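Trainee: give me coordinates for this.
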Amino acid sequence: MFQQRAEITYGQLLEYPEHRAVLKTALNLSKDQVNITEKYEQPPQYTPIKVYIRIKGNAILAILDTEAYMSVVTKPLAVALGLKWKSSTRNDVVAVDDKPQATVGVVKDMPIIIADTQTYIPLQVINSASKTLLLRTDWLDKYKADVLS
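Mentor: Now for the predicted structure:
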């Protein structure tokens with residue numbers, strides 16, 4: 001039934017008991033099967049936006065986070081880029097593990113090139129084993145950027 005082409009409406013097709021029974025069987029999901037409509041009705045999960053940016057001439061893959069409170073660079077990446085930071089007393093940075101931690105320092109007004117536009121972003125430096133750059137997206141409003149284009 002599912003492989004045959006026909007020029008018929010569903011209403012006409014369901015007038016036949018054998019087709020109605022096949023459809024009814026197809027729509028009765030066992031406990032092992034996933035109801036696709038339920039899956040699409042779930043709220044969307046967070047999908048990070050990753051873009052290449054330039055810091056000091058280096059191409060860096062950055063994560064854009066629309067819900068981030070601040071822009072953050074991990075200490076290993078800051079060291080690799082030769083960034084200079086000043087001490088900071090902030091202790092309200094919530095890292096990936098959802099635990100608050102203190103920042104190592106802050107790089108004030110770091111020039112960052114996104115596409116062909118240079119902007120200045122303060123970066124909080126945090127301890128981490130990875131080399132990661134997480135950018136807050138407040139600059140999107142400033143430059144009227146469209147991430148969907």
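Trainee: please count neighbours and contacts with C-alpha atoms only from this point.
Mentor: Will do.
Trainee: pull the longest helix from the protein.
Mentor: helix 17-27 (DSSP state H).
Trainee: neighbours of Asp65, how many?
Mentor: 19 (other Cα atoms under 10 Å).
Trainee: can you check the pLDDT for the residue lying closest to it once chain neighbours are set aside?
Mentor: Leaving aside its sequence neighbours, Asp65 sits nearest to Arg136 (Cα to Cα, 6 or more residues apart in numbering; 5.5 Å). pLDDT for Arg136: 86.
Trainee: same check on Ser128?
Mentor: 84.
Trainee: the nearest residue in space to it that is not next to it in sequence bridge partners, please.
Mentor: Nearest residue to Ser128, sequence neighbours excluded (Cα to Cα, 6+ apart): Thr74, at 5.7 Å. Thr74 forms beta bridges with Ile126, as assigned by DSSP bridges.
Trainee: tell me who's in contact with Trp139.
Mentor: Residues in contact with Trp139, defined by Cα atoms under 8 Å, 6 or more residues apart in numbering, are Thr119.
Trainee: measure it to Ser71 for me?
Mentor: Remark: distance between Trp139 and Ser71 (Cα to Cα, to the nearest Å) = 11 Å.
Trainee: and what of Ile112?
Mentor: Relative to Ser71, and taking Cα to Cα, Ile112 is found at 12 Å.
Trainee: what's the overlap in contacts for these two?
Mentor: Ile121.
Trainee: looking at these two, which is more packed in?
Mentor: Ser71 (20 against 17).
Trainee: tell me the contacts of the more buried one?
Mentor: Contacts of Ser71 (Cα under 8 Å, 6+ apart): 121-124, 133-136.
Trainee: now with 7 Å?
Mentor: The contact partners of Ser71, by Cα atoms under 7 Å, 6 or more residues apart in numbering, come to 122-124, 134-136.
Trainee: do Thr119 as well
Mentor: 111-113.
Trainee: tell me how far it lies from Ser71.
Mentor: Distance from Thr119 to Ser71, by Cα to Cα: 13 Å.
Trainee: from Asp65, how far off is the most centrally placed residue in the chain?
Mentor: The centroid of the chain falls nearest to Pro48 when counting by Cα atoms, centre = their mean (1.4 Å). With the distance defined as Cα to Cα, Pro48 ends up 7 Å from Asp65.
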